[in-house]
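Participant: Provide a 3D model corresponding to the input given below.
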Amino acid sequence: MAKSNPAEFVQEVRAEAVKVAWPTRREVMLTTVMVFIMATIAALFFFFIDRLISFGLEQILQFGA
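Facilitator: Below is the predicted model:
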């Protein structure tokens, strides 16, 4: 691997940063909202599944006692 000096490295980084397709403010806000919505849906899903499993286990343990 060829070594380059720090100035050349910074120049290459700037050249690559120009090529990046940066998202618009609207895209960032929309994807952020979607992440929060999906995280909430996943949390509710696992909460209800946990309650269902807990209820089932309680019924099984009470049946055996």
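Participant: give me the pLDDT for the residue nearest the centre of the chain.
Facilitator: What sits nearest the mean C-alpha location of the chain, by C-alpha atoms, centre = their mean, is residue 35, with 6.9 Å. Looking at residue 35, its pLDDT stands at 98.
Participant: at which residues are the helices of the protein located?
Facilitator: For the chain, applying DSSP state H gives helices covering 6-19, 25-64.
Participant: lowest-confidence stretch among these?
Facilitator: helix 6-19 (a mean of 92).
Participant: how distant is it from the center of its chain?
Facilitator: Here helix 6-19 is found 29 Å from its chain centre; the criterion is C-alpha atoms, centre = their mean, to the nearest Å.
Participant: before we move on, what about stretch 30-46?
Facilitator: 9 Å.
Participant: use 408 as the first number from now on
Facilitator: New numbering, starting at 408: the last item is stretch 437-453.
Participant: report the separation between the residue nearest to the centre of the chain and residue 449.
Facilitator: In this view, residue 442 and residue 449 are 10 Å apart by C-beta to C-beta, to the nearest Å. For the C-beta atoms, the positions are set from N, CA and C on the backbone; glycine is no exception.
Participant: do the same with residue 457
Facilitator: Plainly put, residue 457 is 12 Å away from residue 449 if you go by C-beta to C-beta.
Participant: for residue 431, give its distance to residue 413.
Facilitator: Distance of residue 431 to residue 413, given as C-beta to C-beta: 33 Å.
Participant: neighbours of residue 423, how many?
Facilitator: Burial of residue 423 is recorded as 9 neighbouring residues (other C-beta atoms under 10 Å).
Participant: count of neighbours near residue 466?
Facilitator: Residues lying near residue 466 (other C-beta under 10 Å) number 10.
Participant: cool, and residue 449?
Facilitator: 10.
Participant: likewise for residue 438?
Facilitator: Neighbours around residue 438, by other C-beta under 10 Å: 11.
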